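In: Compute the structure for the input listed below.
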Amino acid sequence: MMLTSTTVLVLTGVALFLYDGNSFRQSLAHALTVRAQMLASNSTAALAFENQEDARQLLAGLKADPSTVMAVLYDKRGQLFARYPGDLPLAQVPGAPTGRGARFEPTAVVVVQPVEEEGRMLGTLYLESDLRAMASRQRVFALVVLLAAAGSIAVAFALSTWLQRGIAAPVRALAEAARRVTDDRDYSVRAGVVSDDEIGLLTGAFNGMLGEIQQRDTALRSSEARLKQLNADLERRDALRVTLAWETDANDVDLHVVDPDGVDCYYGHPANESGLQLYRDITQGLGPEVIRTSKLDRGTYHIGVRYFSAGPMGVSRGIVVIIRGDDVTIEPFRLIEGGGDVRYVTSVVVK
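Out: Coordinates of the predicted model:
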C-alpha cells in the first residue's frame, strides 16, 4: 500500500512540477513582452529625434529588475542606438535582430519588439532577462512537493501501522492458533477476540468450532479409555461377548441380550442366573456397552438395541459386535426415534 501511495504521489508531483514550469514560462514571456512594448512606446521620441541620452536614461530604469541581463535599442538602420547596462561590452551586444516576439534560450528569455509610430518603423528593442525567477520558483515548488510527499508517506505509514494492529494482527493471531491446532492437535487453543467487527466474529466462530471439536475429541478419548479398561477387565476368554457402540455422543443407546429362558440382560437387569452380565451402562459418549458370559446354555440368545433417549442429532447409527469363540459377527443398525421398543438385530443359536 505504501509503495502504491508513494508512486502516485511522485507521479502527481512530477506532473504538477512540469505543468507549473510550463505555466510560469508563459507568464514570464508575457510579462517581458509587455515590458518591452512599454519601453518601445516610450522610446519613440528618442529615436525620432535621435536623442541617445534620453534613450540611455529610459533603459537605465531597468536596473530596478535584477533579472534583466541586457537591453539594446537599435535605430531604423539596425545600428546600435543605446544599451543597458551602459558599460556592456560591444562584443556582447547582439547584431540587429529581426522578427518580433519572445523566445527562450538555455539560460534566458529574449523579446524582440519593433519600435513604431503611426505605422512608421523607428527602430528595434532587444530585451533579455535571465531565468533566476523560474529557477527559484522551481526549487520552492520541488521542496513543497517533497514535503507533501514526505508528509503523505508518513500519514500512509501511520495508517498502515494502525490497520496492521487492527486487522493484520488479529488475522495473524488466528492463523497462529490454527497452526498450533494443526501441528499439536491441541483443541484447547483459543484465539483472542480483540474487536467486535467481522474479524472478531470470525475469531468467535473459529473458537466455537474448536470448542465443538474439543468436546468430541474428549468424548472419543474417554470412549477409547473405557474400551481399553474393558479389554483389560475381559482378558479371560468369554463364551459369548456382545459389544455395542454408536456414533453420536449425545444419544443414549442400550444393549439387550435375552437368554434361552427369556430373561433379558440390560441396564435394568444387569445380571441373571444364566451368567449374562452387563459390564457398564453408558449414558454419555459413544459407548461401548458390553454384555458377556463365560458359559452358554442350549437355545437361542436374542440380541437387540434400544434408543433410550435422542440427542440433538436425532438419528443414531452404530454396530453390534458378537464374539463367540473365534467367530466374529458385526451387525450395523440405525435407529430413528428415541424411547422406542427394543429392536432385535440378530440372534445366536447354541446347540
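
In: The helix or strand hosting residue 34 packs against which elements?
Out: Element membership for residue 34, per DSSP states H and E: helix 2-42. Contacts defined by 3 or more CB pairs under 8 Å, 6 or more residues apart in numbering; DSSP states H and E place helix 2-42 against helix 52-60, strand 101-104, strand 108-117, strand 120-130, helix 132-163. Glycine gets a C-beta too; all of them are placed from N, C-alpha and C.

In: From residue 324, how far off is residue 309?
Out: Taking CB to CB, to the nearest Å as the measure, residue 309 falls 30 Å from residue 324.

In: Any idea how many residues pack against residue 81?
Out: For residue 81, the count of nearby residues is 25 (other CB atoms under 10 Å).

In: Parallel or antiparallel, list what pairs with the helix or strand hosting it.
Out: Assessed by DSSP H and E, residue 81 sits inside strand 80-84. Here strand 80-84 is paired, per DSSP bridges, with strand 68-75 (antiparallel).

In: ok, residues contacting the partner strand?
Out: Outside strand 68-75, the residues that touch it by CB atoms under 8 Å, 6 or more residues apart in numbering are 39, 43, 46-47, 50, 55, 59, 62, 80-85, 88, 92-94, 96-97, 108, 115, 122-130.

In: Can I get the buried part of those as one PyMOL selection?
Out: The buried subset of the contacts of strand 68-75, as determined by 16 or more other CB atoms under 10 Å, is captured in PyMOL by this line:
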select buried, resi 39+43+46+47+55+59+62+81+82+83+84+96+97+115+122+123+124+125+126+127+128+129
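
In: Any regions of the stretch 251-351 of the chain where pLDDT drops low?
Out: 285, 311-316, 335-339 (pLDDT under 70).

In: tell me the contacts of the closest residue to residue 94 other than its chain neighbours?
Out: In space, and not counting its chain neighbours, residue 94 is closest to residue 126: 6.3 Å by CB to CB, 6 or more residues apart in numbering. The contact partners of residue 126, taken as CB under 8 Å, 6+ apart, are 70-74, 94, 97, 110-112.

In: can you check residue 42 too?
Out: residue 58.

In: quick one: it from residue 81, how far?
Out: Taking CB to CB, one finds residue 42 at 14 Å from residue 81.

In: got it, and residue 87?
Out: For residue 87, the distance to residue 81 - CB to CB - is 17 Å.

In: what's the answer for residue 289, then?
Out: Remark: distance between residue 289 and residue 81 (CB to CB) = 127 Å.

In: try residue 242
Out: Separation of residue 242 from residue 81 (CB to CB): 132 Å.

In: Including distance to residue 267 and mean pLDDT, could the helices and strands packed on helix 2-42 go into a markdown table?
Out: Listed next are the helices and strands packed on helix 2-42 as a markdown table, based on distance: least, CB to CB, whole Å; pLDDT from 0 to 100:
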| stretch | distance to residue 267 | mean pLDDT |
| --- | --- | --- |
| helix 52-60 | 124 | 93 |
| strand 101-104 | 106 | 91 |
| strand 108-117 | 109 | 93 |
| strand 120-130 | 110 | 93 |
| helix 132-163 | 60 | 82 |
